[in-house]
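Enquirer: need coordinates for the below:
(2 chains)
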Amino acid sequence: EPEVTQTPSHQVTQMGQEVILRCVPISNHLYFYWYRQILGQKVEFLVSFYNNEISEKSEIFDDQFSVERPDGSNFTLKIRSTKLEDSAMYFCASRDTNLADAKNIQYFGAGTRLSVL
Amino acid sequence: ELKVEQNPLFLSMQEGKNYTIYCNYSTTSDRLYWYRQDPGKSLESLFVLLSNGAVKQEGRLMASLDTKARLSTLHITAAVHDLSATYFCAVDRDTPLVFGKGTRLSVIA
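Expert: As a prediction, the model looks like this:
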């Protein structure tokens, strides 16, 4: 069964450092998302991406964040200068473009746990 | 702004008992999802509910949707330890998903 793949599974970084989280969405999907879950809290939307551009972003997604689709398979989230409060689990998700699929399910990757020290 | 409220947030129940988790949302939505999350793991899709009166069942879990009341329920029948996890409902209206805070379920012997 196709799945969304995220790497690394755990990233430890020092405050102020840049990190890049990687995602390989399901191959025929064209809508991509990043969500964040701080430990013990709910899942929060960060950004959605379609047709090589951001389609929607939340208040959390400030200038320190960026997303990119550098090639035909990867979808990355970059945090330029990490802060302690960026420590969280980051989930990538993708969605089929088949509008006839009324379920319109977003499929989630296993997540990357980011620890900022 | 779309808001999603779940209750209870914590639930400890004995094996064999029944219980219901509630999910209220504030505005009209297109779809309602239930996800399961085990500690440190990703989100596993359980149910997608599309229309008023929709009911779906999988094993000991049954989800329903009342769009007029803006309410979904996840009913657990004869709980077993393997159901221990955090359950999230999520709502979307032209995506992205808005999640509830989750219900942490512990099933004890």
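Enquirer: from here on, just use CA atoms for contacts and neighbour counts.
Expert: Fine.
Enquirer: and stretch B:75-89, how far apart are its ends?
Expert: End-to-end distance for stretch B:75-89, by Cα to Cα, to the nearest Å: 13 Å.
Enquirer: run through who's touching it.
Expert: Residues from elsewhere that reach stretch B:75-89 (Cα atoms under 8 Å, 6 or more residues apart in numbering or on different chains): B:4, B:6, B:13-21, B:23, B:32-39, B:60-63, B:99-109.
Enquirer: so which bits of stretch A:10-28 are buried?
Expert: Across stretch A:10-28, burial judged by 16 or more other Cα atoms under 10 Å in any protein chain shown covers A:11, A:13, A:15, A:19-26.
Enquirer: give me the mean pLDDT for it.
Expert: Computed over stretch A:10-28, the mean pLDDT rounds to 95.
Enquirer: near chain B, anything from that stretch?
Expert: No - Stretch A:10-28 lies out of reach of chain B by Cα under 8 Å from any Cα of the partner chain, never closer than 10.7 Å.
Enquirer: from the contacts of stretch B:75-89, which are also near chain A?
Expert: Intersecting these with the contacts of chain A gives B:99-102 (criterion: Cα under 8 Å from any Cα).
Enquirer: for the closest residue to A:Phe61 other than its chain neighbours, the count of nearby residues, please.
Expert: The shortest distance from A:Phe61 to any non-neighbouring residue, by Cα to Cα, 6 or more residues apart in numbering or on different chains, is to A:Leu46 (5.5 Å). Number of residues near A:Leu46 (other Cα atoms under 10 Å in any protein chain shown) recorded here: 21.
Enquirer: do the same with B:Ser106
Expert: Residues within reach of B:Ser106, counting by other Cα under 10 Å, total 20.
Enquirer: alpha carbons of stretch B:39-54, in PDB - could you do that?
Expert: The C-alpha coordinates for stretch B:39-54 follow below in PDB (Å, rounded to 0.1, in the frame of the first residue of the first chain):
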ATOM      1  CA  PRO B  39       2.300   7.000  21.600                       C
ATOM      2  CA  GLY B  40       5.000   8.400  19.400                       C
ATOM      3  CA  LYS B  41       3.300   7.100  16.300                       C
ATOM      4  CA  SER B  42       1.600   8.600  13.300                       C
ATOM      5  CA  LEU B  43      -2.100   9.200  12.700                       C
ATOM      6  CA  GLU B  44      -4.100   6.100  11.600                       C
ATOM      7  CA  SER B  45      -7.300   6.900   9.700                       C
ATOM      8  CA  LEU B  46     -10.300   5.100  11.300                       C
ATOM      9  CA  PHE B  47     -13.300   6.600   9.700                       C
ATOM     10  CA  VAL B  48     -14.400   9.300   7.300                       C
ATOM     11  CA  LEU B  49     -18.000  10.500   7.600                       C
ATOM     12  CA  LEU B  50     -19.400  12.500   4.700                       C
ATOM     13  CA  SER B  51     -23.100  13.100   5.300                       C
ATOM     14  CA  ASN B  52     -25.700  13.600   7.900                       C
ATOM     15  CA  GLY B  53     -26.700  10.300   9.600                       C
ATOM     16  CA  ALA B  54     -23.600   8.500   8.400                       C
END
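Enquirer: in that stretch, which residues are buried?
Expert: For stretch B:39-54, by 16+ other Cα under 10 Å, it's B:42-50.
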